[in-house]
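1. Dropping a prediction and its sequence here:
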There are 2 protein chains.
Amino acid sequence: MDAAARAEEFRRRLDAAADATESALDALLAARALPGEIVRPARLLEAMRYSTLGGGKRLRPFLVIESARLFGVEGESATRTACALEMIHCYSLVHDDLPAMDDDDLRRGRPTAHKAFDEATAILSGDGLLTYAFDVVADPATHADGDLRATLVLALARAAGLGGMVGGQALDLAAETAATPLTIDETLQMQAMKTGALLRFAVDAGGILGGATPAQAEALQRYGKALGAAFQVADDILDAEGDTAALGKRAGKDAERGKATLVGLLGLDGAKTRCAALVEEATRALADTGLGERTEILAEAARFVAARRN
Amino acid sequence: MDAAARAEEFRRRLDAAADATESALDALLAARALPGEIVRPARLLEAMRYSTLGGGKRLRPFLVIESARLFGVEGESATRTACALEMIHCYSLVHDDLPAMDDDDLRRGRPTAHKAFDEATAILSGDGLLTYAFDVVADPATHADGDLRATLVLALARAAGLGGMVGGQALDLAAETAATPLTIDETLQMQAMKTGALLRFAVDAGGILGGATPAQAEALQRYGKALGAAFQVADDILDAEGDTAALGKRAGKDAERGKATLVGLLGLDGAKTRCAALVEEATRALADTGLGERTEILAEAARFVAARRN
């Protein structure tokens, strides 16, 4: 495949993953209570749907679905895992946007959850999404093998928790008010937690679902790590260069707040060089899985992440 | 055993469960990162420890530990499950106390988390505790059988989520500003979700860990349901009758806010009559497990819950 055909195929698969995720999330967030639930309160459910449906590129679900497909795994197992991960991503945005955190009014071009509803509902809808993510993964509908489901739950919790995403957000907030700015190493660590951990989980999940060998799992982990780092540099570049309309959220706010960004630390050219190197690293890691040209779609994903404009 | 000896034995086991839970929580919330975690940020961890250690009767952990013991299950399996449940209970208190929710300054006689730290840290520490609870249950250290761990995760998520605890809090908040007060049935449903769901899970978890027969599991569920309902009536009675010093939180606040309580709906005598009937119901359900006098400690727990002064 030439570059244009690869990019087109990537777009097609990204859209397909987004469609599959959207339908599955819509069904999971239906009004009917599941066994063991008493009732799903309408307004809470509406807020959970507001923050998960109809938005985003669904990059994390795509990565789950495509990394599982490397091993021939398709269908419910991958889609439900993708939905669980997306719920955690979406809850984190709802909580991060709160007045006590980043205090954002706009997200994906729409009012943030606490603006569209109210603060209490936003907090609870985030709690509900986080909790439901583990319900979805642990449910036998996700996979017949309970041991595999428990492995997925553990990996997801560890990526999303105090030593991963939640911890990264805490470090990011602390940096805003710290006396000294974060060093490059501290910034990389914070970003590896805040943004990287869930992206790494996406790829790990594919390996868990697909029964990857230890060597394949290790190579996928390197891919996920490089991809996550590339994603964050690209994010910092976008925040520095982008405009609010294309982003669907306010641009330039990181610099405004004195947030630790790699553009601030490396300069714009330095950040772009780093981003390109990470894409190379991601591509090399994929080659090490020994899965051949099937991995091309994930290499294209790394290029996409580095070059995206929103 | 006579009544005094039973009460003393109950006290002894409640204290033992609290001690075991405290030590296990302290170890789980250590500074060292687990495999897959990058680093545990100090202030976030401190806030998570602040809200979980050194407080409370540990009623939910006691119920997990003693209901597992009915089936001869002791040790790590029960203690870790008890810790996970307690983390979820504690996170819910942290989030419920937030200014956007119940706006409480005092909890267990100490400043609430957002007062002792700050709002962002309180929100994140709650998110961290909720996430970590599922990590703890899904970890092989909890049980060798992955399928059983996945079953526990699913039951815990369903009890804690939008159709359980989180949903109950949403309904409770909505009732405060609703045009018409909740009916008795609506109040009972809200309470069954907000407080009851986690108490029911505690007892269900013992049955899952212990390999209860379907009939035993059903009887335990009836016990958990009656216990949860008794707990909430007793809570409403306490809020109406209690004093702030004994409660460690502000008394009379429910009535002040026009919150839906059973004392408001049934009167104080009506609420006390209902509480006694629920204790009877709980005791009958225990008899139906066919586990004989081993269940006496749980019957005593129901009496304790109904009669507690804080």
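-> Received it, and whenever you're ready, just let me know what you need. Residues are numbered from 1 along each chain as shown, chains lettered A, B, ... in the order given.
2. Report the mean per-residue pLDDT for stretch A:91-107.
-> Mean pLDDT, computed over stretch A:91-107, is 95.
3. Start and end of it, how far apart?
-> One end of stretch A:91-107 to the other measures 13 Å (CA to CA, to the nearest Å).
4. Figure out how far that stretch is from the centre of its chain.
-> 16 Å (CA atoms, centre = their mean, to the nearest Å).
5. Run through the residues that contact residue A:43.
-> Going by CB atoms under 8 Å, 6 or more residues apart in numbering or on different chains, residue A:43 touches A:117, A:121, B:170, B:174. Where you see a C-beta, it was placed from the backbone N, CA and C, and this is true even at glycine.
6. again with residue A:117
-> A:43, A:46, A:47, A:50, A:125.
7. Can you tell me the closest non-neighbouring residue to the third one?
-> Taking CB to CB, 6 or more residues apart in numbering or on different chains as the measure, residue A:47 lies nearest to residue A:125, with 3.7 Å between them; neighbours along the chain are not counted.
8. for the strand or helix carrying the one you found, packing partners?
-> Under the criterion DSSP states H and E, the helix or strand holding residue A:125 is helix A:119-138. Judged by 3 or more CB pairs under 8 Å, 6 or more residues apart in numbering or on different chains; DSSP states H and E, helix A:119-138 is in contact with helix A:42-52, helix A:76-96, helix A:113-116, helix A:146-160, helix B:76-96, helix B:119-138, helix B:146-160, helix B:165-177.
9. can you do 6 Å?
-> In terms of contacts (3 or more CB pairs under 6 Å, 6 or more residues apart in numbering or on different chains; DSSP states H and E), helix A:119-138 is packed against helix A:42-52, helix A:76-96, helix A:146-160, helix B:146-160, helix B:165-177.
10. how far away is the closest residue to residue A:105 other than its chain neighbours from residue B:79?
-> Nearest residue to residue A:105 in three dimensions, chain neighbours excluded: residue A:115, at 5.5 Å (CB to CB, 6+ apart). Distance of residue A:115 to residue B:79, computed by CB to CB, to the nearest Å: 43 Å.
11. So for those two, which residue has more residues nearby?
-> residue B:79 (22 against 16; other CB atoms under 10 Å in any protein chain shown).
12. How far does stretch A:236-244 sit from its chain's centre?
-> 19 Å.
13. Please identify the residues of the stretch 101-250 of chain A in proximity to chain B?
-> Contact residues, the stretch 101-250 of chain A versus chain B (CB under 6 Å from any CB of the partner chain): A:101, A:119-120, A:123-124, A:127-128, A:130-132, A:134-135, A:138-139, A:146-147, A:149-150, A:153-154, A:157-158, A:160-163, A:166-167, A:170-171, A:173, A:192-193.
14. average pLDDT for the helix holding residue A:125?
-> The pLDDT scores in helix A:119-138 average 98.
15. hmm, who's touching it?
-> A:44, A:47-48, A:80, A:83-84, A:87-88, A:90-91, A:94-95, A:113-114, A:149, A:152-153, B:95, B:100-101, B:130, B:134, B:150, B:153-154, B:157-158, B:160-162, B:166, B:170, B:173 (CB atoms under 6 Å, 6 or more residues apart in numbering or on different chains).
16. just stretch A:27-39 next, same as before
-> By CB under 6 Å, 6+ apart, stretch A:27-39 touches A:40, A:48, A:49, A:83, B:158, B:163, B:192, B:193.
17. Show the buried residues in the residues you listed.
-> For these, a burial check counting by 16 or more other CB atoms under 10 Å in any protein chain shown picks out A:40, A:48, A:49, A:83, B:158, B:163, B:192, B:193.
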